[in-house]
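A.B. asks: The amino acid sequence is not available; the structure is as follows:
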């Protein structure tokens, strides 16, 4: 037995080095190769033979540090004893314990008896079973394993499993040729081998006097089964226990009996039976409702679900009785036996994913065994995967070479973020992803089974495998190879530990962040052709993946550890960005996400570049160009120095000359020397790259040079329509953002004074092409005109009017009407003239757009009656009147905003009467006009009182005029003139009898006689 810590350390280093040598990694400084989706093998690692320089040596030191940070804790937050340790049985009563992290070592743990079964015990324990004894060891990350306790089982242990949820150990035991299923609870209180142990059946209520015994000592829970248990699996999240029997699976739900307020007793309830006909499970795995079943040649994965399926009621049918099943199987066997005498029946290989797996031919039914009044935890299931392999048809007997082994469901979780004291805000684990692994002796299969069901990787082993263990980053396989023992060519077997990288944590990270760089952790040797970056990418990708996975579960990080891992993560991202920036391949775009995740500024990234010129030619790779181009398009609030800006322009002039005008428009290039920028633009002009965008860029640079003549010449070289198209191609010529705020450019400020029409048309073009939003455009004009948020400049009003003329969608039309009418009303009420001359008059708008209607004739009569009207406000008044007269305006929406516009003025009166007219309040309008402006009454009546409203001539207007004439006054003549015109209209419209009825009884006959005579003769005249 080996018990010395020094000896076990040497043995671990030697074993680990041999594993690296078989991988082709060649030494201690080499890391495992990258994951491969197919034909992955440690014996042909892609990193072998890579050359290293002085810069790479420093990189290796960082890789070791990052690996150490990840290795101090579990992989992706999984318990150390459950995910980071591999156990191997040795002769002479020893267990070899491997640290599954590839940079760790291993230990040889002495046992009292020759071990037969073993399993991990959460974070800090290891169980080894031999006969009817179980030894428990304490496992620490940096210390040797120490014996913890030993206890006896009731029978010889055939299977052993541990559940961290509930902290119990479950075993399948054999005694007197009978098998039993028992759970060992409270084992941590087992102080000596001869300590008392309590035994109870599941569901048995513990009486008060006996509760103390269960509190302070280990107890055994007996779980009876109608058939012999074959295999077991514990749910790592809930602690439920799944037991495999012939043709069925039995689910025991973990529950607790409340003894008192301070103590609860762990218990189980048989809640569900899953009947699967014609299958004998060899291994099973269970995790939060996902069930994986494996026989010698078949794998089936189901998902148990709760609640009605598709919103419908679920009907549970009783399963066939044993007699019915036996008769069915016997009939089938009799038919097959006749064929087997002459033929070997062998089914073909089959893989079915998703709903297609229902066609596997396996009959699956659920039988609920809980109480009828209790809510069923699982009421139906969903097929996820069925895989069948074919035996060797050269032999009647089943060959060991094609038996499946090592079935495993691997969950990857995420918990809530940490607080300042290092505690998790939430203890609930979120299942990010779930993976299923199973293996043949020479090949292993890895599937993703959450959200999508797909085959992720296939692993080819160089030697025959015996057992495999999957972790979020690595697949560890114990293989067996024959070696020659003596000259007589007799063989003995040598066992080896192989290590493969996998993409489980990478896929889970991608589920957490779809933009995470995890889709290319594949065949690097064929993907990357650049020799100077290939080895760096191999190693950095592995280390980056380890650090990224370690950060996924914040609940497992100790105080201060997260900051170290974050720093290591950013550093690895920076180095990967450096590698990809030197690539000229289809994956060079990965430079951008890596540099973004590194937290490096653009200046810091440019400072890491090698600007030396080789053979007189400067070459810039796609990765760097891609990163700089995208970074300059973003609003980074980072201004490059004059020197770096000049290097960037030179870089794009060499690599992508067409991008130079766009690059110069970036706010980050503000500090570039205008003479330098103009020199590159002129080179483009002479090289045949002339365009309207180049012209506008030269005009903008000329303004910075204070060369107004050059600016004017450039702006005159194209029509206004082409200039608008140029601004649409590059909006940053006019509008930029700084710290989230809209900032007009120097060119925009100059156009405001010299060509405001071009500026408004250009911004309108940007909006129509979705280059700027509505609120952004409004803010731009306010900032451009140096107005506060509550002040509306005339240039913005011009822009709103241009939007209406451009006939934008109806969803914006009413909003624009509201903005314009509010501004017109505010100016009229405050007698505030526009701050600049409007670009369009009301006549221009009426001629250019149907939304501005012709102003009614009676409105002109009404306005002309005010001899004191201020000409400065006539344009705003005419535009407001035109909008109200238009066909698209919603009159009801403006009524609440008319209050500031008083009816005391003729301008206000005209607007109020117009609105009331549009609302068909004709009688009120007639009263107002008769009182305020009688000369406008007849024009109003001629325009408005038509068709169904024509009766108002004699029912409303005629009586009102007669009453006002009787009262006399200074407006007597205006009323009298209006009455005569009204009588002329009424005499034409009415018959003589009706006409006489509407005349006043006390009227003068001589005054009305001519109209009566005309009314009586009109029929004969007709």
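C.D. replies: Sure thing, it's come through. Please read these numbers as outputs of a predicted model, since none were measured by experiment. Numbers count the residues shown, from 1 in each chain.
A.B. asks: all contacts plus neighbour counts: C-alpha atoms, from now on.
C.D. replies: Fine.
A.B. asks: quick one: contacts of stretch 746-762?
C.D. replies: Stretch 746-762 is contacted from outside by 700, 703-704, 720, 723-725, 727-728, 733-735, 784, 795, 798-799, 802, 839, using Cα atoms under 8 Å, 6 or more residues apart in numbering.
A.B. asks: Those residues in strands, which ones?
C.D. replies: residue 735 (DSSP state E).
A.B. asks: out of the contacts of stretch 746-762, which are buried?
C.D. replies: If you count burial by 16 or more other Cα atoms under 10 Å, the buried members of these come out as 700, 703-704, 720, 723-724, 727-728, 733-735, 784, 795, 798-799, 802, 839.
A.B. asks: pLDDT value on the nearest residue to residue 591 once chain neighbours are set aside, please?
C.D. replies: Distance criterion Cα to Cα, 6 or more residues apart in numbering; nearest residue to residue 591, sequence neighbours excluded, is residue 577 at 4.7 Å. With respect to pLDDT, residue 577 has a value of 89.
A.B. asks: Could you give me the buried positions within the helix or strand where residue 577 lies?
C.D. replies: Secondary structure from DSSP states H and E places residue 577 in helix 561-581. Neighbour counts using 16+ other Cα under 10 Å place 561-562, 565-566, 568-581 of helix 561-581 among the buried residues.
A.B. asks: what about that helix, distance to the chain center?
C.D. replies: How far helix 561-581 lies from its chain's middle: 22 Å, per Cα atoms, centre = their mean, to the nearest Å.
A.B. asks: ok, and what's touching it?
C.D. replies: Contacts with helix 561-581, where a contact means Cα under 8 Å, 6+ apart, come from 66, 69-70, 533, 536-537, 540-541, 543-544, 547-548, 550-551, 554, 587-595, 597-600, 608, 621-625, 627.
A.B. asks: Which is the succeeding secondary structure element to that helix?
C.D. replies: Per DSSP H and E, the first helix or strand lying C-terminal to helix 561-581 is helix 591-598.
A.B. asks: Doesn't residue 843 belong to a helix?
C.D. replies: Yes: according to DSSP: H, G, I helix; E, B strand; the rest coil, the state of residue 843 is that of a helix.
A.B. asks: Now do it against residue 430, distance only.
C.D. replies: According to Cα to Cα, to the nearest Å, residue 843 stands 66 Å off from residue 430.
A.B. asks: for residue 550, same thing?
C.D. replies: 15 Å.
A.B. asks: neighbour count winner among these two?
C.D. replies: It is residue 550, of residue 550 and residue 430, that has more neighbours when counted by other Cα atoms under 10 Å, with 26 against 14.
A.B. asks: The more buried one and residue 896, how far apart?
C.D. replies: 62 Å.
A.B. asks: Could you give me the buried positions within the helix or strand containing residue 943?
C.D. replies: Taking DSSP H and E as the criterion, residue 943 maps to helix 937-944. Buried residues in helix 937-944, counted by 16+ other Cα under 10 Å: 937, 938, 939, 940, 941, 944.
A.B. asks: Tell me who's in contact with the last one.
C.D. replies: Listed by Cα under 8 Å, 6+ apart, the contact partners of residue 944 are residue 922.
A.B. asks: On the pLDDT front, check it for me.
C.D. replies: So residue 944 comes in at 93 (pLDDT).
A.B. asks: go on, residue 457?
C.D. replies: Looking at residue 457, its pLDDT is 89.
A.B. asks: Figure out the helix or strand that it lives in.
C.D. replies: Going by DSSP H and E, residue 457 is part of strand 454-460.
A.B. asks: Please name every helix or strand in contact with that strand.
C.D. replies: Other elements packing on strand 454-460 under the criterion 3 or more Cα pairs under 8 Å, 6 or more residues apart in numbering; DSSP states H and E are strand 443-448.
A.B. asks: hmm, 10 Å instead?
C.D. replies: Taking 3 or more Cα pairs under 10 Å, 6 or more residues apart in numbering; DSSP states H and E as contact, the helices and strands that strand 454-460 lies on are strand 430-439, strand 443-448.
A.B. asks: quick one: strands adjacent to the first one?
C.D. replies: According to DSSP bridges, the neighbouring strands of strand 430-439, each with its direction, are strand 405-414 (antiparallel), strand 443-448 (antiparallel).
A.B. asks: Could you list the buried residues of that strand?
C.D. replies: For strand 430-439, burial by neighbour count (16+ other Cα under 10 Å) applies to 432, 433, 434, 435, 436, 437, 438, 439.
A.B. asks: and if you look at stretch 775-795?
C.D. replies: Within stretch 775-795, the residues scored as buried using 16+ other Cα under 10 Å are 777-785, 792-795.
A.B. asks: which residues does the nearest residue to residue 834 once chain neighbours are set aside contact?
C.D. replies: In this structure, residue 834 finds its nearest non-sequential neighbour in residue 794, 5.7 Å apart by Cα to Cα, 6+ apart. Residues near residue 794 by Cα atoms under 10 Å, 6 or more residues apart in numbering: 781, 782, 785, 800, 823, 833, 834, 835, 836, 837, 838, 839.
A.B. asks: where does the stretch 1-150 of the chain dip in pLDDT?
C.D. replies: Within the stretch 1-150 of the chain, the stretches with pLDDT under 70 are 1-106, 141-143.
A.B. asks: now with 80?
C.D. replies: For the stretch 1-150 of the chain, the stretches with pLDDT under 80 are 1-109, 122-123, 140-144.
A.B. asks: Please apply the same query to the stretch 651-800 of the chain.
C.D. replies: In the predicted model of the stretch 651-800 of the chain, residues 688-690, 787-790 satisfy pLDDT under 80.
A.B. asks: where along it do the strands fall?
C.D. replies: Ranges of strands in the stretch 651-800 of the chain, per DSSP state E, counting those that start in this stretch, are 735-738, 741-744.
A.B. asks: Out of these, which gets nearest to residue 975?
C.D. replies: With Cα to Cα, the closest approach to residue 975 among the strands of the stretch 651-800 of the chain belongs to strand 741-744: 59.4 Å.
A.B. asks: and the closest one, what other elements does it pack with?
C.D. replies: With contacts taken as 3+ Cα pairs under 10 Å, 6+ apart, strand 741-744 sits against strand 735-738, helix 774-784.
A.B. asks: And the ones you listed: which comes nearest residue 162?
C.D. replies: Nearest to residue 162 among these is strand 735-738 (58.1 Å), distances taken as Cα to Cα.
A.B. asks: contacting residues around that closest one?
C.D. replies: So strand 735-738 is in contact with 634-638, 665-668, 727, 742-748, 763, 772, 776-777, 780, 784, going by Cα under 10 Å, 6+ apart.
A.B. asks: which of these are buried?
C.D. replies: Among the contacts of strand 735-738, those classed as buried by 16+ other Cα under 10 Å are 636, 638, 665-668, 727, 742-748, 763, 772, 777, 780, 784.
A.B. asks: so how far is stretch 293-308 from its chain's centroid?
C.D. replies: Worked out by Cα atoms, centre = their mean, stretch 293-308 lies 30 Å from the chain centre.
A.B. asks: Sort out which residues of that stretch are buried, please.
C.D. replies: Neighbour-count burial for stretch 293-308 [16+ other Cα under 10 Å]: 293-305.
A.B. asks: Now those in TSV, please, with extra columns for distance to residue 478, secondary structure and pLDDT.
C.D. replies: Below are the buried residues of stretch 293-308 laid out as TSV (distance: Cα to Cα, whole Å; DSSP: H, G, I helix; E, B strand; the rest coil; pLDDT from 0 to 100):
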residue	distance to residue 478	secondary structure	pLDDT
293	22	strand	96
294	20	strand	95
295	21	coil	93
296	19	coil	91
297	20	coil	92
298	22	strand	93
299	21	strand	94
300	24	strand	95
301	25	strand	94
302	28	strand	94
303	30	strand	92
304	32	strand	92
305	36	strand	88
